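Visitor: When you get a sec, could you give me coordinates for this:
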Amino acid sequence: MIYIENMPGWGFGNKVIYYNNLRQLAFMKNQEWSCPPWDGHQYFVGDLLNGSQKGDEKLDPCLGENFFKWNKVPTRTIFKLKLKHDVPLKTCAIHFRGTDFYQWNINAVLESEYYLNSIDKIKDEIEKFVLFTDDEHLSSFSKVKNKLIDEHIKFECGENTANRNYFINDFCYITECDWIISSPSTFCMCAGFIGKHKKIIHCKKWVEDRVEKKDKFWVDLYHGGNNDYSIWRLI
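Guide: Below you'll find the predicted structure:
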C-alpha cells in the first residue's frame, strides 16, 4: 500500500496536487492507497482517505514535478465536488494572487498588462467576468476593475474577495467557468483540472521564465500538458 503519512501544512491547492500524486502513483503500481484526513478532503464526493492506514511505501511530499509524469487517472474522476455552482455559459474567471507570493517569488505576482491584454483578447466572447483574489490591494486587481467599469463590461467579485472563509465557494465557482485567466497559484490551477473543461490562459512572461529555469511542471505544461490541464493561450 502507498500512503501519505502526514499532510503538510500547505495551502488547499498544494494539498490537492499532493493527493492527486498519491492516487496516480497507486494506480500506476496497481497498489492500494491511503491518506490521513486533510483540510479540504471533506469538500469532495466519496472516500478520499481509504482507511487512513499506513502501508509499506510512504509517498514523500511532491507537487507539480510529478503532475504530468504520473498521469493515468483523469483528475475529474478523482475529484468531484459536493458543491456545484450554476455558472452561466461564457463566464470567465480571473484569478489574482498576492500576499505570500511576494515572499515566495515576486515574479509570480503578475503584471497588470497580462490581465488587461487577456481581457482584450476574449472580451467579445465573454458574457461575464468574475474576479477572484486573496489581495484586494493589488494594482492589477484595481486596474482590471477600472477597465471593466470604464468599458461597461459585466463583472462581479467572488465571495473570497471580501472574506477568505468562503474560499471553497470561489473554488467551486471557478471549476465551472468556461475560461480562466489564470495565475501561478495552485488554488486556481487545481480549479482548472476539476469540473468543466476550460480554456485556460497563462502569462507568457511567467511561463517562459519557468521553462528557462527548467521547472518541470511548467516545462511539461508549455509542451502541451495533458487532457486534464493544458494552456489554451499564452498572453
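Visitor: Domains in the protein, by residue range?
Guide: 2-78, 91-234 (automatic domain parsing).
Visitor: where in the chain is pLDDT low?
Guide: Applying pLDDT under 70 to the chain flags residues 98-105, 108, 161-164.
Visitor: residues touching the residue most central in space within the chain, list them.
Guide: By CA atoms, centre = their mean, the chain has its centre lying nearest to Met189, at 1.9 Å. Met189 makes contact with Gly13, Ser182, Tyr229 under the criterion CB atoms under 8 Å, 6 or more residues apart in numbering. For glycine as for every other residue, the C-beta is placed from the backbone atoms N, C-alpha and C.
Visitor: wait, isn't the second one in contact with Ile201?
Guide: Yes - taking contacts as CB atoms under 8 Å, Ser182 lies within contact range of Ile201: 6.2 Å.
Visitor: How about Tyr43: what's its closest non-neighbour residue?
Guide: Among residues not flanking Tyr43 along the chain, Ile168 sits closest, at 5.4 Å (CB to CB, 6 or more residues apart in numbering).
Visitor: same question but for Tyr173, I mixed them up
Guide: Per CB to CB, 6+ apart, closest to Tyr173 is His85, 4.7 Å.
Visitor: At which residues are the strands of this structure located?
Guide: Counting by DSSP state E, the chain has strands at residues 2-3, 33-34, 57-58, 91-96, 128-133, 155-157, 179-181, 199-202, 233-234.
Visitor: Distance to Gln24 and mean neighbour count for those strands - can I get that in TSV?
Guide: Converted to TSV, the strands of the chain look like this (distance: least, CB to CB, whole Å; neighbours: other CB atoms under 10 Å):
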stretch	distance to Gln24	mean neighbour count
strand 2-3	10	22
strand 33-34	10	21
strand 57-58	14	12
strand 91-96	25	25
strand 128-133	27	22
strand 155-157	34	15
strand 179-181	23	25
strand 199-202	20	23
strand 233-234	26	14
